[in-house]
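Novice: Next come a sequence and a model predicted from it.
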Amino acid sequence: MRIRYNAPVTLTLALFCGLAMAAHQLTGGATTATFFTAYPGLQGPIPLHYIQFFTYILGHGSFPHLSANLSLLLLIGPLNEEKFGSALLLEMILVTALLTALLNAVFFNTGLLGASGIVFMLILLSSCANIRAGEIPLTLILVALLYLGNELHGSFGKDNISQFAHLTGGVVGAFYGLIRGHRR
């Protein structure tokens, strides 16, 4: 038997998240604050600010934060990557990251870090795995009600969790799953 790099997008994302956490630990969080956090507002002609619209998904504030995201990412990422293909999954990740960062920059005054929005995108996307044209899977509706309902409920408290990022990821996942799911 040999080990196979079976889900290149998922595994590479997990690897980069791990490397970002190692850098976070080695620099006392300085690399996360500098490179792996998307800050609010649109910063004009500062290129790093716009690069952070994508790199924030690699940064995590603590090992438990990273571990929680990677557990789900590594569980459902490969299934979605097999179903939708690596190129389309990468597109979904980039669209989710960019859309979440842009909306956060315009409407909120907090920074953004972590792959939680990507994980929620994958959760809703996986609910569309067996979609057929003209149908909406009941599993999608139930997962949306459970996860997104929980996020809406949690958005009324103060917990340093971006429920908005989770909601955005879920909406992107459901959109791609419903639009692209029956084509494969």
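Specialist: Right, received. Where do you want to start?
Novice: can you give me the helices in this protein?
Specialist: Secondary structure of the chain (DSSP state H): helices located at 8-26, 30-35, 47-55, 63-84, 86-107, 116-126, 138-143, 149-154, 163-180.
Novice: Please name every helix or strand in contact with the fourth one.
Specialist: Taking 3 or more C-beta pairs under 8 Å, 6 or more residues apart in numbering; DSSP states H and E as contact, the helices and strands that helix 63-84 lies on are helix 8-26, helix 86-107, helix 116-126. Backbone N, C-alpha and C define where each C-beta goes, glycine included.
Novice: Can I get those helices in a markdown table including mean neighbour count and mean pLDDT?
Specialist: As requested, these are arranged in a markdown table below (neighbours: other C-beta atoms under 10 Å; pLDDT from 0 to 100):
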| stretch | mean neighbour count | mean pLDDT |
| --- | --- | --- |
| helix 8-26 | 17 | 98 |
| helix 86-107 | 19 | 94 |
| helix 116-126 | 26 | 91 |
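Novice: will you turn these into CSV that also has distance to Leu73?
Specialist: Output for those, formatted as CSV (distance: least, C-beta to C-beta, whole Å):
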stretch, distance to Leu73
helix 8-26, 6
helix 86-107, 10
helix 116-126, 6
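Novice: Select, out of those, the one closest to Leu48.
Specialist: helix 86-107 (12.9 Å; C-beta to C-beta).
Novice: That closest one to helix 47-55, inter-axis angle?
Specialist: On the basis of axes from the mean of the first three to the mean of the last three C-alpha atoms, to 10 degrees, helix 86-107 is oriented at 120 degrees to helix 47-55.
Novice: on contacts alone, who are the packing partners of helix 86-107?
Specialist: helix 8-26, helix 47-55, helix 63-84, helix 116-126, helix 163-180.
Novice: For Gly41, find the nearest of the helices of the chain.
Specialist: helix 86-107 (5.8 Å).
Novice: how far out from the middle of the chain is the closest one?
Specialist: Distance of helix 86-107 from the chain centroid (C-alpha atoms, centre = their mean, to the nearest Å) equals 8 Å.
Novice: Which residues does it contact?
Specialist: By C-beta atoms under 8 Å, 6 or more residues apart in numbering, the residues outside helix 86-107 that reach it are 7-10, 13, 38-42, 52-54, 56-57, 77, 80-81, 84, 110, 112, 117-118, 121, 125, 162, 164-165, 168-169, 172-173, 176, 180.
Novice: ok, the residue positioned nearest the centre of the chain - contacts?
Specialist: By C-alpha atoms, centre = their mean, the chain has its centre lying nearest to Ile118, at 1.3 Å. For Ile118, the contacting residues are Leu13, Ile57, Asn69, Leu73, Ile93, Thr96, Ala97, Gly169, by C-beta under 8 Å, 6+ apart.
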